[in-house]
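Chemist: Prediction below, plus the sequence it came from.
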Amino acid sequence: MSDPTLLSARGLNLRFGAVPALVDVDADLWPGEVLAIVGESGSGKTTLLNVLSGRMAPQSGVVWYREPAGGLVDVHAMPAPALRALHRSDWGFVHQNPRDSLRMGVSAGGNVGERLMAQGSRHYGSIRESAIAWLSEVEIDASRVDDLPRTFSGGMLQRLQIARTLVTHPRLVFMDEPTGGLDVSVQARLLDLIRGLVARLGIAAVLVTHDLAVARLLAHRVMVMQQGCVVESGLTDQVLDDPQHPYTQLLVSSVLAA
Amino acid sequence: MNGYNFAYLDEQTKRMIRRALLKAVAIPGHQIPFGSREMPLPYGWGTGGIQVTAAVLGPDDVLKVIDQGADDTTNAVSIRRFFARTAGVATKTHTSVATIIQTRHRIPEQALTEGQILVYQVPMPDPLAKLEPSRAETTRMHGLAEYGLMHVKLYEDITRFGHVSISYDYPVMVNDRYLMSPSPIPAYDNPKLSRNPALQLFGAGREKRIYAIPPHTEVRSLDFDDHPFRTTRAPHACDLCGDDASYLDEVVTDNQGGRMFVCSDTDHCASRQALKEAAE
């Protein structure tokens, strides 16, 4: 592929004391592509996500992000205000637990509108209009716009978090186990929704999951991690149908068939 | 005055407060930490304001103290007497002759002039504190001028009540840079903050913060384009002086539901009554 990448990481290393969390990790993400990072608990998936998004600094290595204008910026060398502005506008972060990012004491509409207001939107009517539009986009009834998130179910909270993240039309979304902790039918509906939105809006996404089915459904490419190392990476179907590394083979063979 | 330094505080403390005041004036609306001292009155009664007043007071100054607009309530009388005793300064209730006015929760009705200093008593200096519990985070938000969260609060108000329901301590932007609490003055007084020829100093004793609005500084109350800031007042005229534009207090007069509306600014009301009597 010769197209310019949206996000590139080279030689990332990070140790927590004696525990290696990232060992010489390289990663590339092209515009409009979904990259899944899979592996078992403690393999460094979430750490990699945090380092890629600039929320955690690596001990060595760089992360390059291509700005809309075409210039490359080093995510970890950026001044804090610029990185925060990036997180508010061009990037989005979907947490596993929606309560981590939602304001539980603020209505659904206020939650969706917060990023707009942070960007300087000062027209109540238009903020509310786009909040309602985004709620219906994520299949939440428009009549719930003034309800507090604490009255929402788990699946609705996760969809509300997605609406809140996508309202500023980010180019890149980081997702940390977006379907974790949801029951299977709700998971299926959410996956369907994410797949539709990502494809339609052309959003690039980095998705952390331990669920191979989620990776197969959403991701174009997969990186398999074990003890901080990327042991295998490639196109999703290729990796999951014809795993080469013994650990990947173990992962694929241990999926339960219903 | 025996046994006290001039204006109660020792000179080193006053110097420290003046340094904080100079910094505050140089960065309008920015909260400056200072080493707040124990004062002989409880927190919440104006320990911040009284320290600022003590630091700026000179022997030739004329002091006026307002409590909720009134010159004759406990807080106003005690603080006025405190400085009369410890500094020997002249104390007056007329707004026009005072050089320093310490105020709790009102700005005088009469327009202030250049050379006057208005000292506010502030309970909660950071408007973001009610929305974001971490002080480290609110400091960062002030530093980066990230004030979207404050508008989330206004959004919630309009959604719930159809209008912004903040009637006092209405947050303002100073000089298009810092979000500031105007202390619990009614929103009715907010327009008087802007481009005021007097120097406005704010002291929060318990929270140990000082901030300021220099004369003629632009101060804007937060709002939405389609829900502009507006002031409210009781739709009555004052029962004592007949003013139909001043800020009013509602006073219960008996147990049969009797009420009267009077000016909250007693000096304003008294001088209008005196004028009326002189005319008759």
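Modeler: Ah, there it is. Residues are numbered from 1 along each chain as shown, chains lettered A, B, ... in the order given.

Chemist: The closest residue to chain B within the stretch 51-200 of chain A: neighbouring residues, count only.
Modeler: Per C-beta to the nearest C-beta, residue A:118 is where the stretch 51-200 of chain A lies closest to chain B, at 3.1 Å. Where C-beta positions appear, they are placed from N, C-alpha and C, glycine not excepted. Burial of residue A:118 is recorded as 20 neighbouring residues (other C-beta atoms under 10 Å in any protein chain shown).

Chemist: Let me see the contact set for it.
Modeler: By C-beta atoms under 8 Å, 6 or more residues apart in numbering or on different chains, the contact set of residue A:118 is A:88, B:146, B:148-149.

Chemist: Including secondary structure, neighbour count and pLDDT, could these go into TSV?
Modeler: Below are these laid out as TSV (DSSP: H, G, I helix; E, B strand; the rest coil; neighbours: other C-beta atoms under 10 Å in any protein chain shown; pLDDT from 0 to 100):
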residue	secondary structure	neighbour count	pLDDT
A:88	helix	18	89
B:146	coil	19	91
B:148	helix	19	90
B:149	helix	20	91
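
Chemist: So residue A:99 belongs to a helix, correct?
Modeler: Yes - assessed by DSSP: H, G, I helix; E, B strand; the rest coil, residue A:99 belongs to a helix.

Chemist: list the contacts for it?
Modeler: Counting by C-beta under 8 Å, 6+ apart, residue A:99 makes contact with residue A:157.

Chemist: Could you do residue A:134 as well?
Modeler: Shown in contact with residue A:134 (C-beta under 8 Å, 6+ apart): A:112, A:163-164, A:166-167.

Chemist: Quickly find the element holding it.
Modeler: Per DSSP states H and E, residue A:134 falls inside helix A:124-137.

Chemist: tell me which residues of that helix are tucked away?
Modeler: Across helix A:124-137, burial judged by 16 or more other C-beta atoms under 10 Å in any protein chain shown covers A:124, A:127-128, A:130-132, A:134-135, A:137.

Chemist: Would you mind naming the residues that bridge with the spatially most central residue of chain B?
Modeler: In chain B, the C-alpha nearest the mean C-alpha coordinate belongs to residue B:120, at 3.7 Å (C-alpha atoms, centre = their mean). Following DSSP bridges, residue B:120 is listed with bridge partners residue B:103, residue B:202.

Chemist: isn't it right up against residue B:199?
Modeler: No - applying C-beta atoms under 8 Å as the test, residue B:120 and residue B:199 come out as separate, 11.4 Å apart.

Chemist: Chain B contacts on chain A?
Modeler: A:80-81, A:84, A:103, A:106-107, A:109-110, A:113-115, A:117-120, A:122-125, A:127-128, A:146 (C-beta under 8 Å from any C-beta of the partner chain).

Chemist: please redo it, this time with the cut-off set to 7 Å
Modeler: Residues of chain A lying near chain B by C-beta under 7 Å from any C-beta of the partner chain: A:81, A:84, A:106-107, A:109-110, A:113-114, A:117-118, A:122-125, A:127, A:146.

Chemist: Now flag whichever of the residues you listed is closest to residue B:13.
Modeler: residue A:81 (36.2 Å; C-beta to C-beta).

Chemist: could you list every residue that touches residue A:89?
Modeler: Applying C-beta atoms under 7 Å, 6 or more residues apart in numbering or on different chains, we find residue A:89 in contact with A:119, A:168.

Chemist: If we use 8 Å, what do you get?
Modeler: Each residue near residue A:89 by C-beta under 8 Å, 6+ apart is listed here: A:115, A:119, A:168, A:170.

Chemist: May I ask which of the residues you listed has the most neighbours?
Modeler: Using other C-beta under 10 Å as the neighbour criterion, residue A:170 leads the contacts of residue A:89 with 22 neighbours.

Chemist: nearest residue to that residue other than its sequence neighbours?
Modeler: residue A:92 (4.2 Å; C-beta to C-beta, 6 or more residues apart in numbering or on different chains).

Chemist: I'd guessed that neighbour sits against residue A:173; true?
Modeler: Yes - at 4.2 Å, residue A:92 and residue A:173 qualify as touching, with contact defined as C-beta under 8 Å.

Chemist: and stretch A:228-241, which residues are buried?
Modeler: Buried residues in stretch A:228-241, counted by 16+ other C-beta under 10 Å: A:228-234, A:236, A:239-240.

Chemist: which of those residues lies closest to residue B:23?
Modeler: Nearest to residue B:23 among the buried residues of stretch A:228-241 is residue A:228, at 48.1 Å by C-beta to C-beta.

Chemist: Point out the residues in the stretch 1-150 of chain B that sit beside chain A.
Modeler: Looking at chain A, the residues of the stretch 1-150 of chain B close enough under C-beta under 8 Å from any C-beta are B:144, B:146, B:148-149.
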